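> quick one, what's the 3D model for this:
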Amino acid sequence: MRTSPHPSSLDEKLASLASTIPDGEQRRHFHSQMESFKKVYQRYTNKSTESELDWNKIHPLSAKQLIPMESIEKDSLSQERIASLLSQLVVLKLNGGLGTSMGCHGPKSVIEVRNSNSFLDLAVKQVEFLNNTYNVDVPLVLMNSFNTETDTQQIIKKYEKANVRILTFQQKQYPRIRAKDGLPLPTTANPETLDTQEWFPPGHGDVYDAFVSSPLFNQLLSEGKTYLFFSNVDNLGATVDTDILHYLVENNVDFCMEVTPKTTADVKGGTLIQYEKQVKLLEIAQVPKDHIDDFQDISKFTIFNTNNLWANLESVKKNLAKLDEIELIVNNKEHNGVPVVQLETAAGAAIQMFENAIGMVVPRSRFLPVKKTSDLFLVKSNIYTLGENFSLQRDSQRKQEENPIIDLDARFFTNVDDFLQRFADIPDILQLDSLTVRGDVKFEQNVQMGGIVHIENDGEKQMVIRDKKF
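The predicted structure follows:
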């Protein structure tokens, strides 16, 4: 059992926080969110209710549960059929994250990644391309957090003339918990005065309840929307695929997780298993210590979760109560030297709550996340081109199947601004296997790289490279 206060102490603390909010809609909204928080909190403090994973019950997925994308029927769908499929679709981007890990302020989705387009620009243009090409109305929905809501509302004004409806809702806002006594950390919940660092968005597993609770959900159902495709806004490979959508519709699939083959770089990634006859997402944190090596053996667990997810909207609504029970992620942090806990959930863990759930093995090209500037280097490079549908496509001249390994000195390349200052021009890397940069190095025009390249500057003066072939 974890440290937990008496229930009345928690209620008193939450009541005290509520009293800091002016009476009215904001306070009612706070009470509603805290009712959800208390359910999660109870699961956290009552760890004995969580069942241990029995390794002997883990089995591979059956052929009906794991579908290779290459095996699905790729009929030459007519324009009318594609339009009919797309008319049922909602595209949702998880837009709750900040760009702080890459040295940026505000929503991560506004970082420019390709041809002066941000993550959000590309998402809008991709959906607009579908709407224009097939004369449909696919809406783009953004799930914001309290960290990104205000900025995003300002940013999306620039898309007012785009042929795409941009709809938004906000996920919940929970208080961080002091590890010492199990009580919420904040002293105020007043939106005008609260310290945002004392609160957190409870992970992208909140998407189901937050979406269904918003007015958008029933509005979209009433429009005849039946399927949701949702993904992280920073995954540039997560684009609408009508072949996948066609398969889901034809086979009445309730939930689909796109997975892709593991490489040695993905050994810690969550994988799909069959557990007690259900499809289940297995994360490394759930694995017993004596089976960690088994989990990280890519010959045994061959696929991992891309977090590109598809769900039938009616099934989400039907299973909403069960979706409250997906595995908790206990995230230990510090705030001003005080150990605190965040209680989060992951969207993919919901797969076990759906009756007709599958994994679909997709090409690696559908998993192209940008988490660091080394990833940004790749998506800006000539390995990729930007197609007419505004998706990134690998250049056919790149013969190696895998992307090169990029290792940039964190002292000089972690922040986007520092990265852009040192890469005035991205080198030609079509033939590159790996690049390691140590020290302060600036790359200018006409640099070409192939094979294994190691560049080191151990001096204090910045090294400038131009007109050079490695």
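> centroid residue for the chain?
residue 232 (3.0 Å; Cα atoms, centre = their mean).
> and that residue, what pLDDT?
Looking at residue 232, its pLDDT reads 97.
> give the bridge partners for it, please.
Residues in a beta bridge with residue 232, per DSSP bridges, are residue 94.
> from what I see, it and residue 94 are in contact.
Yes. With contact defined as Cβ atoms under 8 Å, residue 232 and residue 94 form a contacting pair (5.2 Å). No exception for glycine: its C-beta is placed from N, CA and C like everyone else's.
> what residues do the two have in common as contacts?
Both residue 232 and residue 94 are in contact with residue 204, where contact means Cβ atoms under 8 Å, 6 or more residues apart in numbering.
> residues in contact with residue 333?
Per Cβ under 8 Å, 6+ apart, neighbours of residue 333: 176, 339-342.
> looking at those, which are in strands?
Among the contacts of residue 333, the members falling in strands (DSSP state E) are 339-342.
> mind listing the helices for the stretch 1-150 of the chain?
In the stretch 1-150 of the chain, the helices defined using DSSP state H, counting those that start in this stretch lie at 7-18, 25-45, 79-86, 119-134, 149-155.
> looking at these, which is nearest to residue 452?
Of all the helices of the stretch 1-150 of the chain, it is helix 119-134 that lies closest to residue 452, at 30.6 Å by Cβ to Cβ.
> returning to that earlier point: give me the buried entries from the contacts of residue 333.
176, 340-342 (16 or more other Cβ atoms under 10 Å).
> out of these, which comes closest to residue 23?
residue 176 (25.2 Å).
> tell me the pLDDT at that closest one?
Reading off the model, residue 176 has pLDDT 96.
> could I get the buried ones among the contacts of residue 333 as JSON lines with distance to residue 74?
Shown next, in JSON lines, are those (distance: Cβ to Cβ, whole Å):
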{"residue": "176", "distance to residue 74": "48"}
{"residue": "340", "distance to residue 74": "49"}
{"residue": "341", "distance to residue 74": "47"}
{"residue": "342", "distance to residue 74": "42"}
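> how far away is the nearest residue to residue 38 once chain neighbours are set aside from residue 54?
Counting by Cβ to Cβ, 6 or more residues apart in numbering, residue 10 is the residue found nearest to residue 38 once chain neighbours are left out, at 7.1 Å. As judged by Cβ to Cβ, to the nearest Å, residue 10 and residue 54 stand 32 Å apart.
> and the residue nearest to residue 167 when sequence neighbours are not counted, what does it touch?
Excluding the flanking residues, the one nearest residue 167 by Cβ to Cβ, 6+ apart is residue 141, at 4.8 Å. Applying Cβ under 8 Å, 6+ apart to residue 141 gives the contacts 90-93, 166-169, 211, 216.
> cool, residue 392 as well?
By Cβ under 8 Å, 6+ apart, the neighbours of residue 392 are 114, 236-237, 368, 379, 384-386.
> of the ones in strands among the contacts of residue 333, closest to residue 228?
residue 342 (25.6 Å).
> residue 229 looks like it's in a strand, true?
Yes. Applying DSSP: H, G, I helix; E, B strand; the rest coil, one finds residue 229 inside a strand.
> please begin residue numbering at 824 from this point
Renumbered: residue one is now 824, and that last one reads residue 1052.
> quick one: it and residue 911 touch, right?
No. Residue 1052 is beyond contact range of residue 911, at 10.7 Å (criterion: Cβ under 8 Å).
> those two - which one has more neighbours?
residue 1052 (23 against 18; other Cβ atoms under 10 Å).
> would you mark the buried spots in stretch 878-892?
881, 884, 888-890, 892.
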